[in-house]
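Colleague: sequence and predicted structure below; questions after.
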Amino acid sequence: MNYCENCYHLTNQERCPYCHSAALREVHDDDYCFLITQSAIWCEAIKETLEQHHIVYECIQEMGSGLSLKVGPYLENYHFYVPYHQYAQAQELMKRFEDSQ
């Protein structure tokens, strides 16, 4: 599995299909990998789900706090990243989460 250090996506391709970077390397267990982008309305539920299953994560706002306050928090998206060694478990949780919506 290849890992893009630019956008944190996993791929089997030689170039990242998301940012088109050719600077890919083999993924390591402690690499944070992109999991999901979700709107503000679902952000806390996703955090809760990951925490209940003891999955470490990073949650990054797309716009940032200042712009989000200006345009409205419901237009904000959040990007979730998890360590590779927990990636498969987190993906399964997100699949179940999306199926329940």
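Modeller: Looks like it arrived, so ask away.

Colleague: for the longest helix along the chain, give the mean pLDDT please.
Modeller: In the chain, with assignment by DSSP state H, the single longest helix is helix 84-100. When pLDDT is averaged along helix 84-100, the result is 93.

Colleague: what residue spans form the domains of this protein?
Modeller: Using automatic domain parsing, the domain ranges for the chain come out as 1-28, 31-100.

Colleague: as JSON lines, the ones you listed with mean neighbour count would be great.
Modeller: To be clear about C-beta, it is placed using only N, CA and C from the backbone, and glycine gets the same treatment. As requested, those are arranged in JSON lines below (neighbours: other CB atoms under 10 Å):
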{"stretch": "domain 1-28", "mean neighbour count": "13"}
{"stretch": "domain 31-100", "mean neighbour count": "15"}
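
Colleague: weakest of these by average pLDDT?
Modeller: Of all the domains of the chain, mean pLDDT reaches its minimum on domain 31-100 (a mean of 86).

Colleague: from start to finish, how long is that one in a straight line?
Modeller: Length of domain 31-100, first residue to last, CA to CA, to the nearest Å: 29 Å.

Colleague: if we can go back for a sec, can you list the helices and strands that the longest helix of the chain packs against?
Modeller: If you count contacts as 3 or more CB pairs under 8 Å, 6 or more residues apart in numbering; DSSP states H and E, helix 84-100 packs onto strand 32-39, helix 40-52.

Colleague: switch the cut-off to 10 Å
Modeller: With contacts defined as 3 or more CB pairs under 10 Å, 6 or more residues apart in numbering; DSSP states H and E, the packing partners of helix 84-100 are strand 32-39, helix 40-52, strand 77-83.
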